[in-house]
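Visitor: need the 3D shape of this:
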Amino acid sequence: ASSFLDGCSFGSSSVVIGGLGDTIMLLAGRIFSLCIVGGFLLVSGDEHEHTYKESEEVVLWMNTVGPYHNRQETYRYFTLPFCKGKKTTIDHYHENLGESLQGVELDFSGLEIKFNEDKPQEKYCEVTLDEEKYNAFVYAVKNHYWYQMFIDDLPIWGIVGDDSGGKDEYHIWTHKKFDLGFNGDQIVDVNLTSESKTKLEIGATLSFTYQVKWHKSSVKFAKRYEKYLDPNFFQHRIHWFSIFNSFMMVIFLVGLVSMILMRTLRKDYARYSKEDLDDMNRDLGDEYGWKQVHGDVFRPPAYTMLFATLIGTGAQLASVAMCVTLLAILGNLYTERGSILGATIFVYAATSSVSGFFGGSYYSKFGGKEWIKQMVFSAATFPSIVCGFTFLINFVAMYYHASRAIPFTSMLAVFAICLFVILPLTLVGTVIGRNLRGQGNFPCRVNTVPRPIPEKKWFMEPAIIVLFGGILPFGSIFIEMYFIFTSFWAYKIYYVYGFMLLVFLILMVVIVCVTIVCTYFLLNAEDYRWQWTSFLAAASTAAYVYMYSFYYFFFKTKMYGFFQTSFYFGNMLVFSIGFGIMCGTVGFLGTNTFVRKIYSTVKID
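Guide: Residues are numbered from 1 along each chain as shown. From the prediction side, this is the model:
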């Protein structure tokens, strides 16, 4: 990771200092290549080669422990008064940025395990319970604490204890029995059985033991992660039906939009052509429709810099969503700790030029003059949102001493990526966008004096259009949202990224269709404020997603406590903001193409 950052830093400095011509293009390509290669190296890095010789050391990592119903409320394993084994040296250790940000806290267990070498039951340590240790274990048992371990990057889960013995009677499991499967020189299966239920009492001595049993397995190394997947859940007929239902919605919407707009626009064109042929007899007071706002429809929107920044950010987020989904389909990223998050961070950094290109080009088209300021906003807006909310949540995690607290070194790494990768690439994209697509070239000339907006029916008001614009797009994805929420907030591993890609494409088509229809009705009411309306109408999909997160929290989970609640709603808010910006951008870009098309076809005097 350090060499990757060094490479990107060197290229970034050259971009800032160098010229704006061929040098920028060359260095942009180099930075992009460095980021992509670095990202792949980072997310594909392993603790070791996954191959072992006879009697070679196999490392057992203790990760985190926490309440079962609060998946994200995790603490280092040894925050409970467990004890370590006798072994103190290790051969392998690796942690990437994605692991660090996700709260992976690997501690060496101290247990000696050797490849294909059985170990009989052996005591590795003991703990005498004083009042403090007793209360810690009792609290863990009461709250159904579970823990996670790793062997050869394969996760193992276990429960701390049991409270089914009666009132004020708590037990802890003190024996770990490992059953490990191997195929050739590779580990392909790991299982843990917790035994020896021991009653917790002040003054009692707990003896912790373990044993290891090896067996040959026919499971191939490439298939070893499949035991953790749940095809009965993710490939349920309801999931298939939701995809089919969304697909039929797309066909219906596309057909309906095409039919209505084609017929309506044909009548509009015919009416406008007839009026053009009969100028002498035309009563100006009888004119109506979208043609009448041709002199204002391409007027720059309010808060032009903010609007251009959001368009650039949304285009980048859409690119990131597509790229990461394709990488997950092709590379099975779910099998590596922190790989999805690591891939997302570096794909976001590598696609920063997309934000600069779209934001810079539209800001230039709208006549913006402070392009450097706009470029900085494009580079900093979404990272600032994410880091700001994460910083607040991090305070809560630090107060609880949770493993989710992000280390200062990881914060510095993210800051370095923003400063030395995202900012220079955004500059490159802005310069290219301003030069290639920065000219207005609008089909209609913009009037000097804005046209007054006439009164219209209440349901034609932009606020109403925005409020109802996100209902159909949300309807096309809400079932997929349930599966995604369950995989992130519960104990399912999401692996059906083909479903996600299909739903993502369906969502984009539905958003474009809905915003085109909304914009047509708005323009027909002679209201030319379509840019923000189309953006916010599509972005309102995220508001429905966030409201759905409340339903999911209260009716589909058993989460409790301030830490988990703040973590849940804080992260869902960040997700919804990013999702809304992405949807709004797609809605605006589709609508912009439609508006330019209809006004370029009609003859304007």
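Visitor: what about the helix or strand residue 569 falls within, distance to the chain center?
Guide: Using DSSP states H and E, residue 569 sits in helix 562-601. Put simply, helix 562-601 sits 13 Å off its chain's centre (Cα atoms, centre = their mean, to the nearest Å).
Visitor: so what secondary structure elements neighbour it?
Guide: helix 304-331, helix 371-399, helix 497-524, helix 530-556 (3 or more Cβ pairs under 8 Å, 6 or more residues apart in numbering; DSSP states H and E). The way it works is simple: take the backbone N, C-alpha and C, and place the C-beta from them, glycine included.
Visitor: for the shortest one, what is the distance to the chain centroid?
Guide: Taking Cα atoms, centre = their mean, one finds the center of helix 530-556 at 16 Å from the center of the full chain.
Visitor: now stretch 457-475
Guide: Taking mean C-alpha positions (Cα atoms, centre = their mean), stretch 457-475 and its chain are 26 Å apart.
Visitor: on that earlier part again, including distance to residue 71 and mean neighbour count, could the helices and strands packed on helix 562-601 go into TSV?
Guide: Shown next, in TSV, are the helices and strands packed on helix 562-601 (distance: least, Cβ to Cβ, whole Å; neighbours: other Cβ atoms under 10 Å):
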stretch	distance to residue 71	mean neighbour count
helix 304-331	20	21
helix 371-399	14	18
helix 497-524	20	22
helix 530-556	13	21
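Visitor: closest to residue 490 out of those?
Guide: helix 530-556 (8.4 Å; Cβ to Cβ).
Visitor: now do the phi/psi pair for the residue nearest to residue 124 when sequence neighbours are not counted.
Guide: In this structure, residue 124 finds its nearest non-sequential neighbour in residue 85, 4.1 Å apart by Cβ to Cβ, 6 or more residues apart in numbering. Main-chain torsions, residue 85, degrees, to the nearest 10: phi -80, psi -180.
Visitor: so residue 85 touches residue 125, yeah?
Guide: Yes. Contact criterion Cβ atoms under 8 Å: residue 85 and residue 125 qualify, at 6.4 Å.
Visitor: who's more crowded, those two?
Guide: residue 85 (18 against 15; other Cβ atoms under 10 Å).
Visitor: name the next helix or strand downstream of the helix or strand hosting residue 431, please.
Guide: Taking DSSP H and E as the definition, one finds residue 431 inside helix 423-437. Sequence order places helix 462-469 as the next helix or strand after helix 423-437, per DSSP H and E.
Visitor: helix 497-524 and that next one, what's the angle between them?
Guide: Note on geometry: by axes from the mean of the first three to the mean of the last three Cα atoms, to 10 degrees, helix 462-469 and helix 497-524 are set 150 degrees apart in direction.
Visitor: give me the contacts around helix 462-469.
Guide: Helix 462-469 is contacted from outside by 458, 514-515, 518, 521-522, 527, 529, 532-533, 536-538, 540-541, 587, using Cβ atoms under 8 Å, 6 or more residues apart in numbering.
Visitor: swap in stretch 541-548?
Guide: Contacts of stretch 541-548 (Cβ under 8 Å, 6+ apart): 469-471, 473-474, 477-478, 481, 507, 511, 572-573, 575-577, 579-580, 583.
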